[in-house]
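> build the 3D model from these lines:
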Amino acid sequence: MATPIQYDAIIIGAGQAGVPLSRALAGAGWKTAVIERTHVGGTCINEGCTPTKTMVASARVAYLARRGADYGVRTGEISIDMAKVRQRKRSIVDSFRSGGENRLKATKNLDLLMGEARFVGQKTVEVFLAEETRTLTAEHIFINVGARPSQLRFEGMDCVSVLNSTSIMELDKVPQHLIIIGGGYIGLEFGQMFRRFGSEVTIIQRGERLLAREDDDVADEVAKILREDGVEVLLKTDTIRVEQPSSSEINLTVKTGDEQRAIRGTHLLVAAGRTPNTDKLNLAATGVHVDKRGMIPVNERLETNVSGIYALGDVNGGPAFTHISYDDFRIVRDNVLEKGHATTTNRYVPYTVFIDPQLGRIGLTEAEARAQGRKIRVAKMPMSYVARALEVDESRGFMKAIVDADTSQILGAAILGLEGGEIMTMLQIAMMGKLPFETLREATFAHPTLAESLNNLFGNFQD
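Residues are numbered from 1 along each chain as shown. This next block holds a predicted model:
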């Protein structure tokens, strides 16, 4: 083995934690190497948030165009140019990716190495580049390798063409009938998207409800909205086997209770979880522990069991959201560079499911609050009570907030409605500022805005 090149820090993975961390460390004078095997920017920019939300926007335009007559606007026949949708997505991804890569290359004290990383010792990493192999070593190593779509195993799976959340975005034609296995965030976003593009869509979910982490009433309302849009939603349904008689036909046999049925489609998307990208790192050489899923357990400071080695982002098994990965960067930056005491303890985990209407979520669900034995009040109001939603004819869904009955503090919220993610963020800010719900109930918000719906929400307690 060649003599290792000494660095102050090695970052494996140029994701939403690795990129800003590498620049922060280099800016502080640390000799830093960041290793990336495919694309700078991680899942978010390349296969996640950026491309999917770009395509969601195209699907919403198609949806509104078809609804033109509802607003007194007559339009002609609507058709979808998937090649154009794909090119728009690619252009935005390329812009974001190249911008991040160029900033890394221009950063002093920072080496960007495009290659595969593999540990050969506790603090020693081999990097397989296009034309050479380099050996690096550093006292501080940060793992930010993310995750990839999981593969399911059932009869016939190895003999059919299967799409995942990355490959489905490269289709150049609208599927005639898209079958989706998985009723989580990814499956629902793609399901509604392709329904709006014109596909027949069937979603197969093993559990009793979609979105297993949500309250029952939220999940039920999401299913209702998707069915209104023409999506077939099958709950408590197992996939038994799959076969592909021809390149344009995929057949599934599914079972709901004691009843089996056949579903014939043209495309199959598997959207059932993600697998961490730790399998090629040779972590055994470091002594870093992994769990049975391949995730790297960390403490509240994002430290692994080996001193000086950290795991950030999706690979550490925490909430798999871009903004959480970025917050992991902030915690490590504060602690490593500024000798701070930042932790993941009690941090807020907001998220938005970009179906339409959006589902914005923050804090405790009602079920979680009751399971903790908290004394709570539940405020709930349909979006049909919101003037702004009625004015733009987008009144599906409801708003729901969980409040501590003794302190009036907001514990959590689910906003399933027009711009639900933005309204949820207002509630998060109130939670961060420890504002009692009465402050929002009595506040003067501009009319007519979605924000003023908070006045009425906190006047609609169910008790």
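> shaky segments in this protein?
For the chain, applying pLDDT under 70 flags the ranges 1.
> just give me how far the helix or strand harbouring residue 243 sits from the chain centre.
Per DSSP states H and E: residue 243 is located in strand 237-246. Its chain's average C-alpha position is 27 Å from that of strand 237-246, according to CA atoms, centre = their mean, to the nearest Å.
> and the gap between the spatially most central residue of the chain and residue 17?
Nearest residue to the geometric centre of the chain (CA atoms, centre = their mean): residue 321, 5.0 Å. From residue 321 across to residue 17, the span is 12 Å (CB to CB, to the nearest Å). Glycine gets a C-beta too; all of them are placed from N, C-alpha and C.
> other SSEs contacting the strand holding residue 243?
Other helices and strands packing on strand 237-246, by 3 or more CB pairs under 8 Å, 6 or more residues apart in numbering; DSSP states H and E, are strand 249-256.
> in the helix or strand just after the strand it packs on, which residues are buried?
Following strand 249-256 in sequence order, the next helix or strand is strand 259-265 (DSSP H and E). For strand 259-265, the neighbour count (16 or more other CB atoms under 10 Å) marks 263, 265 as buried.
> quick one: strands adjacent to strand 259-265?
According to DSSP bridges, strand 259-265 forms sheet pairs with strand 249-256 (antiparallel).
> what's the angle between the partner strand and strand 237-246?
Relative orientation of strand 249-256 versus strand 237-246 (axes from the mean of the first three to the mean of the last three CA atoms, to 10 degrees): 160 degrees.
> list the contacts of strand 249-256.
The contact list for strand 249-256, computed with CB atoms under 8 Å, 6 or more residues apart in numbering, reads 160-161, 179, 204, 234-245, 260-268.
> quick one on the thing from earlier: and the residue nearest to the centre of the chain, how far is that from residue 56?
16 Å.
> shouldn't the residue nearest to the centre of the chain be in contact with residue 347?
No - the pair residue 321 / residue 347 is not scored as a contact, 11.5 Å apart, by CB atoms under 8 Å.
> related to what we said a few turns ago, from the contacts of strand 249-256, which would you call buried?
179, 204, 234-235, 237-239, 242, 263, 265-268.
> would you map the helices across this protein?
If DSSP state H is used as the criterion, the helices of the chain fall at 18-27, 42-46, 49-66, 82-105, 185-197, 216-228, 322-338, 366-371, 387-391, 420-432, 437-442, 453-457.
> wait, what's in contact with the residue lying closest to residue 108 once chain neighbours are set aside?
Counting by CB to CB, 6 or more residues apart in numbering, residue 108 lies nearest to residue 26, which is 6.4 Å off, once chain neighbours are set aside. Going by CB under 8 Å, 6+ apart, residue 26 touches 32, 107-110.
> coming back round to it: got the buried ones among the contacts of strand 249-256 as CSV, with distance to residue 355 columns?
Output for the buried ones among the contacts of strand 249-256, formatted as CSV (distance: CB to CB, whole Å):
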residue, distance to residue 355
179, 18
204, 17
234, 17
235, 17
237, 20
238, 24
239, 23
242, 26
263, 22
265, 21
266, 23
267, 20
268, 21
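> buried residues in stretch 420-439?
Residues of stretch 420-439 classed as buried by neighbour count (16+ other CB under 10 Å): 420-421, 423-428, 430-431, 435, 437.
> and if you look at stretch 123-135?
Residues of stretch 123-135 classed as buried by neighbour count (16+ other CB under 10 Å): 123-127, 134.
> against residue 413, how distant is the closest residue to residue 437 other than its chain neighbours?
In space, and not counting its chain neighbours, residue 437 is closest to residue 458: 4.7 Å by CB to CB, 6+ apart. The gap separating residue 458 from residue 413 is 11 Å, by CB to CB.
> so what sits against both of these two?
Counting by CB under 8 Å, 6+ apart, the contacts common to residue 458 and residue 413 are residue 401.
> okay, the two: which has more neighbours?
residue 413 (28 against 24; other CB atoms under 10 Å).
> and stretch 191-209, end to end?
Using CA to CA, to the nearest Å, the end-to-end distance of stretch 191-209 comes to 16 Å.
> now do stretch 202-215
23 Å.
> any idea how far that stretch is from the chain center?
Worked out by CA atoms, centre = their mean, stretch 202-215 lies 16 Å from the chain centre.
> mind listing residues that contact stretch 365-385?
213-216, 218, 357, 364, 389-390, 394-406, 411-412, 414, 416-418, 437, 453, 456-463.
> mind redoing it with 6 Å?
Contacts with stretch 365-385, where a contact means CB atoms under 6 Å, 6 or more residues apart in numbering, come from 215, 389, 395, 397-403, 405, 411, 417, 456-458, 460-463.
> among those residues, which ones are buried?
Among the contacts of stretch 365-385, those buried by neighbour count (16+ other CB under 10 Å) are 215, 389, 395, 397-403, 411, 417, 457-458, 460.
> show me which pair in the residues you listed is furthest apart.
Across the buried ones among the contacts of stretch 365-385, the longest distance by CB to CB is 26.3 Å; it joins 395 and 411.
> what about the closest residue to residue 311 other than its chain neighbours, neighbour count?
Once flanking residues are discounted, residue 311 sits nearest to residue 296: 3.9 Å by CB to CB, 6+ apart. Neighbourhood size, residue 296 [other CB under 10 Å]: 24.
> likewise residue 162?
Close neighbours of residue 162, defined as other CB under 10 Å, add up to 19.
> next one: the one 10 residues further on
The burial metric for residue 172, expressed as a neighbour count using other CB under 10 Å, is 11.
> what of residue 257?
Residue 257 is flanked by 8 other residues according to other CB under 10 Å.
> OK, contacts around it?
Contacts for residue 257 (CB under 6 Å, 6+ apart) come out as none.
> scan the contacts of residue 26 and report the most crowded one.
residue 32 leads those on contacts (other CB under 10 Å) with 28 neighbours.
> count of neighbours near residue 209?
So residue 209, with other CB under 10 Å, has 19 neighbours.
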